[in-house]
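Student: Provided below are the primary sequence and the corresponding predicted coordinates.
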Amino acid sequence: MNKIFYKIIILFFIFGLTSCSYKPIFLEKNYDFRIKEVILSGNKDINRIIKNKLNLVKSNDDNQNKNYIIELNTKKNRETISKDSKGDPLKFQITIVVNYKIISEENLILDNKIEKSNIYNNDSDQFKLEQTEEIIIENLSESISGIIISSIINLNDN
């Protein structure tokens, strides 16, 4: 009975590995524009994550007419949302604010602000708390980069 059970488990494992076709959303799609330059100011960690995601945007044509320069100004705020009876923090909120400008041929096309936040519980283990914050910052930054790319796509549709 155990041999059959192990064979079935191995069979499902093999099917699970081979049938998964995960692809990042912005990686394989070619766009009719190119991000020529990204100018960064503000929080270095957030800027790095957003810039890496924006660099995934590829163009079919290197001589593309639609070249954009993106200026980013990022800010991260961490605040205590609630405290216990002793005054120790129970919940925190991280808010990421990104002001971005899209420039084409030295003309300002779009000036926008994105604000994303997440509430999370405090942890007595400082290392785990820092890891949680890093994951939240990365997720929020990736979401913001997707919104920026979508806004460029919408500019091109108009």
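Tutor: Thanks, I have the structure now.
Student: tell me the centre residue of the protein?
Tutor: In the chain, the residue lying closest to the centroid (Cα atoms, centre = their mean) is E142, at 0.2 Å.
Student: quick one: pLDDT of the residue nearest to that one when sequence neighbours are not counted?
Tutor: Leaving aside its sequence neighbours, E142 sits nearest to K53 (Cβ to Cβ, 6 or more residues apart in numbering; 6.0 Å). In this view, the C-beta of every residue, glycine as well, is placed from N, C-alpha and C. pLDDT recorded at K53 is 89.
Student: how about the one 3 residues further on?
Tutor: The confidence metric pLDDT takes the value 81 at L56.
Student: so after the helix or strand bottoming out on mean pLDDT in the chain, what's the next helix or strand?
Tutor: Using mean pLDDT, DSSP states H and E, the weakest-scoring helix or strand in the chain turns out to be strand 58-59, at a mean of 62. Following strand 58-59 in sequence order, the next helix or strand is strand 67-83 (DSSP states H and E).
Student: helices or strands up against that next one?
Tutor: strand 34-42, helix 44-54, strand 89-104, helix 126-157 (3 or more Cβ pairs under 8 Å, 6 or more residues apart in numbering; DSSP states H and E).
Student: with only the CA atoms kept, save that strand in PDB.
Tutor: Output of strand 67-83 as PDB, limited to C-alpha atoms (Å, rounded to 0.1, in the frame of the first residue of the first chain):
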ATOM      1  CA  ASN A  67      10.600  57.600 -25.500                       C
ATOM      2  CA  TYR A  68       9.800  58.500 -21.900                       C
ATOM      3  CA  ILE A  69      11.700  59.800 -19.000                       C
ATOM      4  CA  ILE A  70      10.300  59.100 -15.600                       C
ATOM      5  CA  GLU A  71      11.100  61.100 -12.500                       C
ATOM      6  CA  LEU A  72      10.300  59.400  -9.200                       C
ATOM      7  CA  ASN A  73      10.200  61.000  -5.700                       C
ATOM      8  CA  THR A  74       9.500  58.300  -3.100                       C
ATOM      9  CA  LYS A  75       8.800  58.500   0.600                       C
ATOM     10  CA  LYS A  76       8.200  55.900   3.300                       C
ATOM     11  CA  ASN A  77       6.300  56.500   6.500                       C
ATOM     12  CA  ARG A  78       6.000  54.100   9.400                       C
ATOM     13  CA  GLU A  79       3.600  54.900  12.100                       C
ATOM     14  CA  THR A  80       2.100  53.200  15.200                       C
ATOM     15  CA  ILE A  81      -1.600  52.600  14.700                       C
ATOM     16  CA  SER A  82      -2.600  51.000  18.000                       C
ATOM     17  CA  LYS A  83      -0.900  50.400  21.400                       C
END
